[in-house]
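# Have a look at this fold, sequence not included:
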Ligand SMILES: Nc1ncnc2c1ncn2[C@@H]1O[C@H](COP(=O)(O)OP(=O)(O)OP(=O)(O)O)[C@@H](O)[C@H]1O
């Protein structure tokens, strides 16, 4: 990623020729990372790669503020301290260029030579639009991960004003068309069923 003098984000065009792009979304602590990591593990990193839209945002934020990027990328408390500031900054960048972080995330993941792309954290309708416009509706699949609020709370979710009540967490709440849905309340058979469906789909196009 490069950041120009006006502190806006610039980057190359997200190129590549994926056969399948799987876009994960869901509310905070529903388990997007957990399930997308399992999928990557099952498909194998020789065929699939993980793309995180939050990665270029966190990289910029860590660089600007002298923070630990690995801590910021993990599921622990550290990232929660900076979440709101990162949202405000990233929204200002998205307003200028809705696809900027998608493009940068693809570049950073060096996804271009892998046929299967797993995007673990889409948050906006514009994220879905960007991948669909770029690679085609036949290539893109969406999955919504659900978990009850009390389960999410057990995983560390605490409602935070300015985080959970704004577009970056709510923009996809009214989307009803998902290719796949999974309830991730702790019943591993539900997760397994969903993984099997996704893997069957992937194997059928590889
Ligand atoms: N089915 C599951 N079984 C066991 N642990 C789980 C399961 N799903 C999620 N977790 C755990 O719950 C925590 C939150 O999950 P995860 O980080 O995947 O959520 P997320 O939706 O990616 O969160 P965020 O929106 O904060 O990025 C993690 O510690 C993860 O390991």
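In hand now; what should we look at? These numbers were taken from a predicted model, which means no experiment stands behind them.

# Now do the SS call for the closest residue to residue 172 other than its chain neighbours.
In space, not counting the residues next to it along the chain, residue 172 is nearest to residue 25; the distance is 5.1 Å by CB to CB, 6 or more residues apart in numbering. Backbone N, C-alpha and C define where each C-beta goes, glycine included. Of the three states, residue 25 takes strand according to DSSP: H, G, I helix; E, B strand; the rest coil.

# Give me the distance between residue 25 and residue 178.
Distance, residue 25 to residue 178, by CB to CB, to the nearest Å: 8 Å.

# re earlier: from what I see, the residue nearest to residue 172 and residue 123 are in contact.
Yes - the pair formed by residue 25 and residue 123 meets the contact definition of CB atoms under 8 Å, at 6.8 Å.

# In contact with the residue nearest to residue 172: list those residues for me.
Taking CB atoms under 8 Å, 6 or more residues apart in numbering as the criterion, residue 25 is in contact with 32, 121, 122, 123, 142, 143, 144, 145, 172.

# what about residue 104, how many residues close to it?
In terms of burial, residue 104 registers 24 neighbours under the definition other CB atoms under 10 Å.

# was I right about it contacting residue 56?
Yes - in terms of CB under 8 Å, residue 104 counts as a neighbour of residue 56; the distance is 3.8 Å.

# Show me where this protein has its strands.
2-3, 9-10, 20-26, 48-51, 116-119, 140-146, 180-183 (DSSP state E).

# Give me whichever of the ones you listed is most buried.
Counting by mean count of other CB atoms under 10 Å, strand 116-119 has the highest mean neighbour count of those, with a mean of 25.
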